[in-house]
Each structure stands twice: as structure tokens, then as C-alpha cells.
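Undergrad: Please find the sequence and the predicted model below.
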Amino acid sequence: MLKQKRQWWLDFIIISCLVILPSFACAGEIKIGIVDSEKVLRESAPAINAQKKIEQEFLPRDEEIQLMAQQAKVLQEKLENEEFNIEEAERLNLERELANLSREYQRSHRQMREDLSVRQNEEYSVILERTNQAIKKIAETEGYDLIFQKQEAVYRSERIDITEQVIRALEKKIGRK
């Protein structure tokens with residue numbers, strides 16, 4: 001029974017190949033490329049410039065949050081070091097101030113992370129759009145029939161990787177602007 005199933009699959013595969021292969025032969029050579037979009041978003045000039053731009057935008061907020069963290073640390077140390085030397089009312093005020101500062105720090109930190117994520121997504125969507133345009137232009141000028149993202153390919157040969165070509169194309173676009 002198992003032998004019959006194997007034979008059936010072998011027959012099916014052979015017949016499929018006999019039917020499909022001639023259609024590829026008529027179509028001519030198929031040219032396929034692969035692009036590592038993660039590498040493009042890490043190493044291309046537009047991505048590096050966007051990251052620097054975002055860092056500059058968020059630097060003041062980051063410094064403000066770091067200042068809050070330092071203030072909380074100072075309050076915590078004061079409470080620990082002078083635990084027995086301060087009056088109960090002053091200790092309660094310091095604990096309340098520390099709790100408020102801690103809540104404000106957490107709220108600000110969370111809000112900054114959310115805003116940073118939104119901002120990065122905005123910038124990366126622009127870069128991805130330009131990347132897709134560059135890929136399309138490379139595909140048209142060099143006669144590619146199909147281009148995959150590297151992350152989606154189970155196996156790929158390095159000779160079909162056009163990532164560096166895409167990065168160079170993006171850098172040329174920046175040079176023209």
C-alpha cells in the first residue's frame with residue numbers, strides 16, 4: 001500500500017514536471033532577485049539619516065526623563081540614609097514626592113516610547129516606499145521577473161541578492177536631492 005502511494009506521487013511529480021517545464025522554456029530565462037529589507041532599513045543612507053533625525057527630535061525628552069530618574073534616585077537615597085534622622089511628617093512628604101515622581105517618570109517614559117515608535121514607523125514607511133521604487137526601477141532596467149524579500153525565502157543564493165544595489169540606488173537618490 002505504501003509502495004503504491006509513493007509510486008503515485010512519483011508519477012504525479014514526473015507528469016507535473018513534463019507539463020510545467022515546457023511552459024518555462026517558452027517563456028525564456030526567469031530572473032529572480034532577493035532584497036534584505038531589514039539591512040536596507042539599518043544600513044542605507046536614508047535610514048541612517050532618519051535615525052539621526054529622530055534621535056535629535058527625542059533628545060530633549062530623553063534628557064528630561066533622565067533628570068526625573070536622577071531626582072528619584074536622590075530622593076530614594078535621602079529616605080534611606082536619613083530614615084531615622086527625619087520627622088515622620090517630612091518622611092511622609094518625601095515618600096509622597098518620590099511616588100509622584102516615579103509615576104511621572106513611568107508615564108513620561110511610556111509616552112516617549114509610544115511617540116518614538118510612531119515616529120520611527122512614519123520615517124520607515126517613507127524609506128520603504130522609496131526602497132520599493134528603487135527595487136521596481138532595478139527590476140525594470142535589469143529585467144528581473146520576480147524579487148522576494150530575503151526574510152520570506154527559505155533558501156537563497158547570494159548571487160541573486162540585490163540588497164547592496166538597492167542601498168546604492170537609495171544613496172544616489174539622496175545625492176540628487
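TA: Nice, I can see it.
Undergrad: Domains in the chain, by residue range?
TA: Here the domain parsing of the chain from automatic domain parsing is 1-28, 31-176.
Undergrad: Pick the most buried one from those domains.
TA: Greatest average neighbour count among the domains of the chain goes to domain 31-176 (a mean of 14), per mean count of other Cβ atoms under 10 Å. All C-beta atoms are positioned from the backbone trio N, CA, C, and that covers glycine.
Undergrad: Any idea which of the domains of the chain has the lowest pLDDT on average?
TA: Ranked by mean pLDDT, the domains of the chain end with domain 1-28 at the bottom, a mean of 53.
Undergrad: Going along the chain from the strand or helix carrying Leu92, find the next helix or strand for me.
TA: Assigned by DSSP states H and E, Leu92 belongs to helix 88-142. Toward the C-terminus, helix 88-142 is succeeded by strand 146-149 as the next helix or strand (DSSP H and E).
Undergrad: tell me how far that following strand is from the chain's mean position?
TA: Once both centres are worked out by Cα atoms, centre = their mean, to the nearest Å, strand 146-149 turns out to sit 18 Å from its chain's centre.
Undergrad: what are the C-alpha coordinates of that strand, in PDB please?
TA: Coordinates of each C-alpha in strand 146-149 appear next as PDB, following Å, rounded to 0.1, in the frame of the first residue of the first chain:
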ATOM      1  CA  LEU A 146      10.500  38.400  -9.600                       C
ATOM      2  CA  ILE A 147      12.100  39.900  -6.500                       C
ATOM      3  CA  PHE A 148      11.500  38.500  -3.000                       C
ATOM      4  CA  GLN A 149      12.200  39.800   0.500                       C
END
